[in-house]
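# need coordinates for the following:
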Amino acid sequence: MHRFTSTLFSLLLWVFPGQVHAQDFSSDAFDAKAYVSDLNVVAEIWKQDELSNADVSVIASVGCGLVRKVAADELLLNTANWFETVEYPEPNVIQETGIEEFVAFEVAEFRKAGATDAAIALVEQALFDRVSMPLEAPFIDKDLLIESDVETSFCNARFLGGVDPNAPAGEAEVFLAAAATDVIVGTTTIAIDVLISMGSGGMAAGIMTILSGGVGYDLIKKGLGG
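Just a heads-up that it's a prediction; the model follows:
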């Protein structure tokens, strides 16, 4: 309990080393409300025991729209610029921050942002099962989604192509749906936490919010097979 309290106390004291300049990144790129809405839609589908072809089509459609929005808003470029304005925590600070503490923080912030219970369960599973907290600030490849051609994969998967929409989805289709979901969760994590970091006029951010940028990007890469 003492360790948890100490960690929370340190979050409140963590500050940016210098002034954040408005031209460095645009807050408009981090449309958390829209991404949470996408996440809520996908999460309801994953509550089922088995995905159908129609379910995969819906998830792919959400993923298609999301990656197009990420590209149009230049979210990854703005995330890279945001990282240049913050002081990434030292490795020992990250190692002392348990995954349970991190996930608890994220769950609370996702709830504030409007995530449903189903979405929260999806986020918890993604963070516990597939995320490691980067010990160094990540290099954000602003062209990652373009280079991976994920837009084509997700957008093409929207079309059923004559298959039975009610039939169970095949292994490849379920894999694609899971990949799209990782990208959605990762993008939403970045958007929520960057906006939190800017909540005091861009001058203060907790360790958790800075870590979340790296974690969110890591989850996006995992969704793309990286």
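
# got a list of what the residue nearest the centre of the chain touches?
Centroid check for the chain by CA atoms, centre = their mean gives G186 as the closest residue, at 1.9 Å. For G186, the contacting residues are V215, G216, Y217, D218, L219, I220, K221, K222, G223, by CB atoms under 8 Å, 6 or more residues apart in numbering. Bear in mind the C-beta positions are built from the backbone N, C-alpha and C, glycine included.

# any idea how far the last one lies from L127?
If I follow you right, that is G223. According to CB to CB, to the nearest Å, G223 and L127 sit 13 Å apart.

# let me see the ranges of the helices in the chain.
With DSSP state H as the criterion, the chain has helices at 2-13, 32-46, 53-73, 75-83, 91-95, 99-112, 117-130, 144-148, 150-156, 171-197, 207-223.

# quick check: neighbours shared by G223 and L127?
Common neighbours of G223 and L127 (CB under 8 Å, 6+ apart) do not exist.

# these two: which has the busier surroundings?
Taking neighbours as other CB atoms under 10 Å, G223 and L127 compare with G223 leading, 24 against 21.

# compute the number of surrounding residues for the closest residue to the more buried one other than its chain neighbours.
The shortest distance from G223 to any non-neighbouring residue, by CB to CB, 6 or more residues apart in numbering, is to D182 (3.0 Å). Residues lying near D182 (other CB under 10 Å) number 22.

# now do the contacts for D182.
Applying CB under 8 Å, 6+ apart, we find D182 in contact with A126, R130, L219, I220, K222, G223.

# buried subset of these?
Listed as buried from the contacts of D182 are A126, L219, I220, K222, G223; burial here means 16 or more other CB atoms under 10 Å.

# farthest-separated two in those?
The largest separation in those, counting by CB to CB, is between A126 and I220 at 11.1 Å.

# distance of the residue of the chain positioned farthest from its centre relative to A71?
The centre of the chain is farthest from one residue, G162, which by CA atoms, centre = their mean lies 32.9 Å away. The gap separating G162 from A71 is 30 Å, by CB to CB.

# and for D38?
D38 sits 15 Å away from A71, going by CB to CB.

# between those two, which one's more packed in?
D38 (22 against 16).

# and the closest residue to that one other than its chain neighbours, how many residues sit next to it?
Counting by CB to CB, 6+ apart, D38 lies nearest to V62, which is 5.0 Å off, once chain neighbours are set aside. With neighbours defined by other CB under 10 Å, the count for V62 comes to 24.
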